[in-house]
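# Got a predicted structure here, sequence first:
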Amino acid sequence: MSAAAPTPGEELEFLGRLRLLLADGAFVSTYKFALLRAIADECVERAETLEALPIGIERLGERFVALYWRQAKPYGVGADGPTVVQGQLLQNTGAQAGVLKLVAEEQRSTPLLSELQRDARAWRKLKGSVAQVVKRMPLYKLQTVAGKKVEFLYPERPAEDHISLNPGVAWLFRKYHDLARDLIEVAWIRFIQVLPRNAQLLSQGRELGEFLFGAERKALARVAEVLHAHQGGRCFYCDRPILGAPHADHFIPWSRYPLDLGHNFVLSDAACNLDKRTWLPAAAHLSRWVERNLIAGRALQDAMMPAGMASHLPRTLAVAQWAYSADFASGAATWLGRTRRIEPARPECIMIVARGARSATEAPRRP
């Protein structure tokens with residue numbers, strides 16, 4: 001691919017190769033699914049480019065830890081307490097995947113990922129260890145299908161501290177992120193389901209996709225408490241007092257991008273949250289959300305840390321910029337308020353987020 005925008009034929013070729021890789025690749029563990037997901041997410045959270053995109057192997061290690069942190073916990077423990085059978089889901093055709101062992105061992109002393117990340121030494125050690133597993137196992141074996149290597153994502157060059165995505169690949173992963181994520185997650189779930197040693201755990205009836213990729217309900221309850229105090233018990237969208245149970249809502253919807261970072265949450269009432277569904281909020285809501293994060297983002301971040309919710313404002317704004325750019329390009333609608341009032345996505349939304357992203361790199365603003 002050249003540095004020019006991929007042609008429709010090149011786009012179809014990319015998607016076809018990705019589908020073939022997920023369907024027919026030599027998978028003996030879930031590492032390759034995690035690597036594809038990590039690469040796709042990294043492309044969304046970086047500036048749009050048609051050029052080659054370098055991604056550090058240590059950065060991939062960080063993303064592996066985040067992906068597997070939830071999955072390393074016992075599957076048999078549900079929202080209502082222990083079920084009949086408990087245990088860690090197997091994610092390898094042989095012994096348990098080494099990354100899950102590393103993560104589970106760390107969880108025994110540090111149950112919250114955000115707490116671990118505050119311990120610079122322990123966090124550096126874990127992500128470094130996981131990065132070595134990524135480098136040794138899936139990184140230079142990912143692009144092999146039926147015994148044939150096709151380096152359509154990146155050149156496989158051993159002994160480097162990074163990979164470099166081929167020109168156009170980052171752009172394609174941004175454009176087709178929703179589709180790529182769905183393909184990866186479906187293949188990941190299917191791999192776990194067919195391992196015979198998972199059968200007894202899976203018979204408990206808990207929804208596997210939610211366990212692997214969903215949001216932690218207990219963490220969301222704590223986030224709601226923090227936001228309730230910050231918003232004075234009022235709904236972020238309609239500004240009315242919340243009379244029933246408040247909802248910790250993903251401002252950029254979870255279905256659009258699974259972003260469990262503190263700055264992406266607002267408190268809403270049930271009616272607004274259910275009416276908003278999977279739409280992006282319109283410009284007026286977006287402007288207030290960006291302004292809130294620029295002014296109160298540090299305070300919210302500090303308050304959410306003890307609840308186990310990490311925060312990273314530049315990353316959150318990068319995802320928002322990607323989401324609104326994609327909706328504007330496709331002519332999608334944005335949500336104005338209750339009763340599903342909508343309007344076409346406006347270029348103003350992209351400019352609001354871009355200004356916020358620039359301000360986030362400057363000195364913090366004060367109320």
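Right, received. Where do you want to start? Just so it is clear, the structure is predicted and the values come from calculations on it, not from any experiment. Numbering: from 1, shown residues only.
# Same question for stretch 106-124: list its buried residues.
Neighbour-count burial for stretch 106-124 flags Glu106, Thr110, Leu112, Leu113, Ser114, Glu115, Leu116, Gln117, Trp123 (criterion: 16 or more other CB atoms under 10 Å). C-beta here means a position set from N, CA and C on the backbone, and glycine is covered the same way.
# Stretch 189-203 too?
Applying 16+ other CB under 10 Å to stretch 189-203 flags Ile189, Phe191, Ile192, Asn198, Leu201, Leu202 as buried.
# now stretch 350-365
Of the residues in stretch 350-365, Ile350, Ile352, Val353, Ala354, Gly356, Ala357, Ser359, Ala360 count as buried by neighbour count, 16+ other CB under 10 Å.
# May I see the buried residues of stretch 189-203 arranged in a markdown table, with distance to Leu179 and pLDDT as well?
Formatted as a markdown table, the buried residues of stretch 189-203 follow (distance: CB to CB, whole Å; pLDDT from 0 to 100):
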| residue | distance to Leu179 | pLDDT |
| --- | --- | --- |
| Ile189 | 16 | 94 |
| Phe191 | 19 | 94 |
| Ile192 | 21 | 94 |
| Asn198 | 27 | 92 |
| Leu201 | 29 | 87 |
| Leu202 | 26 | 88 |
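# Spatially, which residue comes closest to Thr334, not counting chain neighbours?
Ala282 (4.2 Å; CB to CB, 6 or more residues apart in numbering).
# so what's Glu42 closest to, chain neighbours aside?
Using CB to CB, 6+ apart and skipping the chain neighbours, the partner closest in space to Glu42 is Ile55 (5.4 Å).
# pretty sure the one you found belongs to a helix, no?
No - counting by DSSP: H, G, I helix; E, B strand; the rest coil, Ile55 is not part of a helix but strand.
# and it, what is it in contact with?
Counting by CB atoms under 8 Å, 6 or more residues apart in numbering, Ile55 makes contact with Ile39, Glu42, His162, Ile163, Ser164, Leu165.
# quick one: which of those residues is most hemmed in?
Ile163 (25 neighbours; other CB atoms under 10 Å).
# Look up phi and psi at that residue.
phi -110, psi 160 (degrees, to the nearest 10).
# Name whatever forms a beta bridge with it.
Counting by DSSP bridges, Ile163 is bridged to Ile55.
# ok, it to Pro54 distance?
7 Å (CB to CB, to the nearest Å).
# what does Gln96 give?
Distance of Gln96 to Pro54, computed by CB to CB: 32 Å.
# one step back: confidence score at the residue nearest to Glu42?
Note on Ile55: pLDDT of 96.
# In the stretch 251-367 of the chain, where is pLDDT below threshold?
Regions of the stretch 251-367 of the chain meeting the criterion pLDDT under 70 cover residues 362-367.
# which regions of the stretch 51-200 of the chain lie under the pLDDT threshold?
76-86, 158-159.
# Please, where are all the helices along it?
Taking DSSP state H, counting those that start in this stretch as the criterion, the stretch 51-200 of the chain carries its helices at 57-71, 98-109, 113-118, 120-136, 169-175, 177-194, 199-202.
# Just checking the distance from the fifth one to the centre of its chain.
Think helix 169-175. 16 Å (CA atoms, centre = their mean, to the nearest Å).
# so what secondary structure elements neighbour that helix?
helix 8-24, helix 31-44, helix 313-330 (3 or more CB pairs under 8 Å, 6 or more residues apart in numbering; DSSP states H and E).
# Which residue comes closest to Val353 once chain neighbours are left out?
In space, Val353 is closest to Gln321, 4.4 Å off (CB to CB, 6+ apart).
# Please determine how far that neighbour is located from Asp327.
For Gln321, the distance to Asp327 - CB to CB - is 11 Å.
# Overlap of the contact sets of these two?
In terms of CB under 8 Å, 6+ apart, Gln321 and Asp327 are not both contacted by any residue.
# got the domain boundaries for this protein?
According to automatic domain parsing, the chain comprises the domains 8-213, 217-360.
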